[in-house]
Each structure stands twice: as C-alpha cells, then as structure tokens.
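K.L.:
need coordinates for the below:
(2 chains)
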Amino acid sequence: MSTAESITRSTNKTKSFFAGALAVMPLTIAVIPWGILAGSFALEIGLTAIESQAMSAIIFAGSAQLVALGMIKTGIGIGSILITTLLITSRHLLYAMAMRSHISPLPLKWRLGLGFLLTDELFAISNQTHGGQTSAQHQFDRWYALGGGLTFYIGWNIATLLGIVAGQSIDNLGELGLDFAIAATFIAIVVPTVKKPSILVSVLVSLTLAVVCAVFAIQAGLLIAAISGMAAGMAYAKFTNEGIATTDTPGADITPTKEDNL
Amino acid sequence: MTWLIILSMAAVVFVSRHLLLEPKIPLRLSKNTLTFLSYSAPAVLTAILAPIVFVPEGKLAISMHNPYLTCALVATVLAYITRNTLLTTVLSMGLFFFLYSP
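P.N.:
Numbers count the residues shown, from 1 in each chain, chains lettered A, B, ... in the order given. Purely as a prediction, here's the structure:
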C-alpha cells in the first residue's frame, strides 16, 4: 500500500516536472540567439571561455549579463555595474513577492533552488497554469516550477556554450545582428503589459531618454531612462487618478484592487 | 577582477530573486514602492531595447533603411495583435535576418 502510494506520488512528480519543462520550451527556443550572443560577446570583450560560461551558469540573468558586458567593454567600474544590475534585476523583487505565498512555506532547499531559477520566463509559465486568476486560489506545483526553471537554465547555458564555441571560430559574430534578438524578445514582453495610459507614458519616457542618452554616449543612460520612466508612469497615474498599477506584471497579483492609495 | 564582477553580480541577482521568498523577511514594501516597482519591467526593458533599435551604429537612425527599426515596428504590431511571445520573436527575427544578411 505504502509502496503503491509512493509510486503514484513519484509518477505525479515526474509528470509535473515534464509538464513544466514542456511549458517553458517555446521561451527556451526564443532565448537561443540571445544566449549565443551572451557567449560570443563575452569572449569578444576578452573574458575567458570559463568566465563567459560562468556568467550564464552563476548569474543566470540575460539582460543583466549583456548590459554588464557592454559596460565592461567601455571600461566602466564595478560600482556602476552593480548599481545597474540592481536596477535591471529589481523586477524580480516583484516576482518573488507574487510567488511568496507558494514558495515561502517550502523547505529551504526548495526556496533556494526556485529562488535561483526565478526568471521572467519561469514567472510567466507559473502564472499560465493559474489561468489568469489570482494565484493564491490555485495549487502551486513545485515540481512543475522546477521542471520549467531547470529546463530554461539548461537551455540558456547550452546556448551560451554554442556562442562560446562559435565565437572562437567565427570572428565577427557580433556583426550578425544577434542583438536584434534582445530587442524582439523585450518588445514581445513589454507590448502586452501596456494596458494603461500610465504604462505607455512610462515606456515612452524611458524610450526617448534611452535614445537621447545613447546618441550623446551618456554612460548612465540606462539608469536615467529607466528611473525617469518609472517615475513618469507613477506621476501620471497619480495625476490622472488612474489608481494602482495593475498590469500583467506581478504587481497585478500583489497590489490590492481597491483604489485607495490616493 | 572579472571574477569579482561575476560573483558580486550573481549575489545581487540572487538576493533580489530570493529575498522575498524567505518567510523570515517581513514584507515592508509600501504601496508607493510597489506601484513604483510595477513600472520597472516595462521601463527597464524599454531602456535596454531602445538604443539597440534606434542607435544601432552609435548614430541616430530613424529611417526605413534601418532594419532594426523596421523589424522592431513589425514586432510591436505582431505583439500587439497576437500577444504571443514566440510568434513575435520568431517572425520578426526571421524578417530581420532576411533583410540584414549581407
């Protein structure tokens, strides 16, 4: 009896694990050019193959890695790199907050593991299973999340390795336009989140300032543009009584819908 | 130095992901902080992608001869209509490599 029970339980675990792996597959495929870019770009600016792979294996954050590599290339110091990393990664605070009710009761090894694997992509598939409803009303499956997170981790690292290998044999891989993969992926993520005028304001302010800073080669352009965009979005929402931001981003799960913050 | 950057970046990223999953950390983010953070994903991602699209060679290139810009516009329309990440990225990248290939 107990054997039968444990067999059933472990089949369910396996099933959930592979369901998660399958769910994250399209996003894993979409990230391949980007991983190739991360690997070849790291090599190009002078990192060793081991260091290049370690970025993907230890940091595991595509946008932060690529932005940091660009900063290393222009000789910017570690302090500025870390401040920029903090800004880029700040959205994970919201993801963690939204998944807190599910993950914080789990044992430490699960909290550490799923915390490490918590990316935009894992957050996206963990929300899909909830059918768009508030996640608190649904069963959170740790094996599903692990399957999705681990698959994406392996995919990202294989793509990075491909970039390192290709970067060693092909010289101008950086000129193949792989950076368009970043733009395409981010457009695909950002556009559906623009559901309110304040988010559109935030995006347009950020876009304009980022372009202006890039044209004048201002190194803190990303920080200036992103923080101004966030502030502009918030100011617009306050000014027009739009209420609390509710988007597809995790803010939707955690901010109350009552418009009482004004 | 490179290892110091890698390890300290890894620490910053991991802490931001893990911190609020810890039951011992009390939630003390104010509503204003949460509202401010809810704009971080669109604003940060836009600030990263905009220079790639508009300033590809270090110079402002608002022109239909800039494949980054034309394909980004196509991606925006596709994302708006389909709301499908994979379809948007695959189709716009396919078009990009078709236009960009020397």
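K.L.:
now the strands: where do they sit in chain B?
P.N.:
Read by DSSP state E, chain B holds no strands at all.
K.L.:
where does it have low pLDDT?
P.N.:
Within chain B, the segments meeting pLDDT under 70 span B:28, B:102.
K.L.:
one more time with 80
P.N.:
B:27-29, B:34, B:85-86, B:101-102 (pLDDT under 80).
K.L.:
as a quick check, tell me the outermost residue of it.
P.N.:
Centroid-distance maximum for chain B: B:K24 at 31.5 Å, with C-alpha atoms, centre = their mean.
K.L.:
got the phi/psi numbers for it?
P.N.:
In this entry, B:K24 is assigned phi and psi values of phi -80, psi -20 (degrees, to the nearest 10).
K.L.:
show me the helices in the stretch 51-200 of chain A, by range?
P.N.:
Here the stretch 51-200 of chain A has its helices, by DSSP state H, counting those that start in this stretch, at A:62-73, A:78-89, A:91-103, A:108-116, A:120-128, A:142-169, A:179-190, A:197-215.
K.L.:
do the same with chain B
P.N.:
Along chain B, the stretches classed as helices by DSSP state H are B:2-18, B:31-38, B:40-54, B:67-82, B:85-100.
K.L.:
look up how far A:L108 lies from the residue farthest from the centre of chain B.
P.N.:
Computed as C-beta to C-beta, to the nearest Å, the B:K24 to A:L108 distance reads 11 Å. C-beta here means a position set from N, CA and C on the backbone, and glycine is covered the same way.
K.L.:
coming back round to it: could you dump the helices of the stretch 51-200 of chain A to TSV with mean neighbour count and distance to chain B?
P.N.:
Output for the helices of the stretch 51-200 of chain A, formatted as TSV (neighbours: other C-beta atoms under 10 Å in any protein chain shown; distance: least, C-beta to the nearest C-beta, whole Å):
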stretch	mean neighbour count	distance to chain B
helix A:62-73	21	6
helix A:78-89	19	4
helix A:91-103	22	4
helix A:108-116	16	3
helix A:120-128	22	8
helix A:142-169	20	11
helix A:179-190	26	4
helix A:197-215	22	4
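K.L.:
which one of the ones you listed lies closest to A:W34?
P.N.:
A:W34 lies closest to helix A:179-190 among those, at 4.6 Å (C-beta to C-beta).
K.L.:
let me know the angle separating that closest one from helix B:67-82.
P.N.:
30 degrees (axes from the mean of the first three to the mean of the last three C-alpha atoms, to 10 degrees).
K.L.:
buried residues, stretch B:32-50. List them.
P.N.:
B:34-50 (16 or more other C-beta atoms under 10 Å in any protein chain shown).
K.L.:
okay, buried residues for stretch A:33-53 please.
P.N.:
A:33-44, A:47, A:52-53.
K.L.:
show me the two of those that sit farthest apart.
P.N.:
A:P33 and A:L47 (19.4 Å).
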